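Chemist: sequence first, then the predicted structure:
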Amino acid sequence: MSMRVYSVLLRDHGRANDQNMLLVKDGFSWPAFVFTFLWALWGRMWWPAISLFSIVVLTGWGAAQLGFNEGVETVISIVLGLAIGFVGNDIRRWSLERQGYQEVALVTVSYTHLTLPTICSV
C-alpha cells in the first residue's frame, strides 16, 4: 500500500476558495533534485533560487579550486542535488508561508484506492 503525506496550506484562512489552498508533498522532491535552482525559479521562489544558485556555483568552484578530478566533482554534484531534493518541499513550504499561506493540516492519501473517476471528481 502506497501512502503519501501532504501539508495543506491556506491563504486567507477561513475562506472556502480552492484557489487559496495548496497541497505540498512531504518527502523527497525529484524536481528539486534534478533542476535545483531552476526548479525554485519555476516555483517563483526568488530568494531560495538565488541561494541555491550560489550554493551550486560556489560548490563547483570550490571543488575545481581544490583540484578534484571530474569524478569527485560529479559525486559532489550528486550529493548536493540529493540534499536539495530532501529539503526541496520544505523550502517550498517555507516560501509559501512567507507569501501568507498557513499550514493548517496534514493529509494522508492512499493511492491503491484511487481510480481515474475518483481523481477527476476531487
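Modeler: Right, received. Where do you want to start?
Chemist: any low-confidence regions in the protein?
Modeler: 1, 13-18, 112-122 (pLDDT under 70).
Chemist: can you pull out the helices in it?
Modeler: 30-35, 37-42, 46-65, 70-98, 116-121 (DSSP state H).
Chemist: redo those as CSV? Include distance to residue 104 and mean neighbour count.
Modeler: Placement of C-beta: from N, CA and C, glycine included. Shown next, in CSV, are these (distance: least, Cβ to Cβ, whole Å; neighbours: other Cβ atoms under 10 Å):
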stretch, distance to residue 104, mean neighbour count
helix 30-35, 23, 17
helix 37-42, 24, 18
helix 46-65, 22, 14
helix 70-98, 11, 16
helix 116-121, 23, 8
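Chemist: as CSV, those helices with distance to residue 7 would be great.
Modeler: Converted to CSV, the helices of the chain look like this (distance: least, Cβ to Cβ, whole Å):
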stretch, distance to residue 7
helix 30-35, 16
helix 37-42, 18
helix 46-65, 17
helix 70-98, 6
helix 116-121, 20
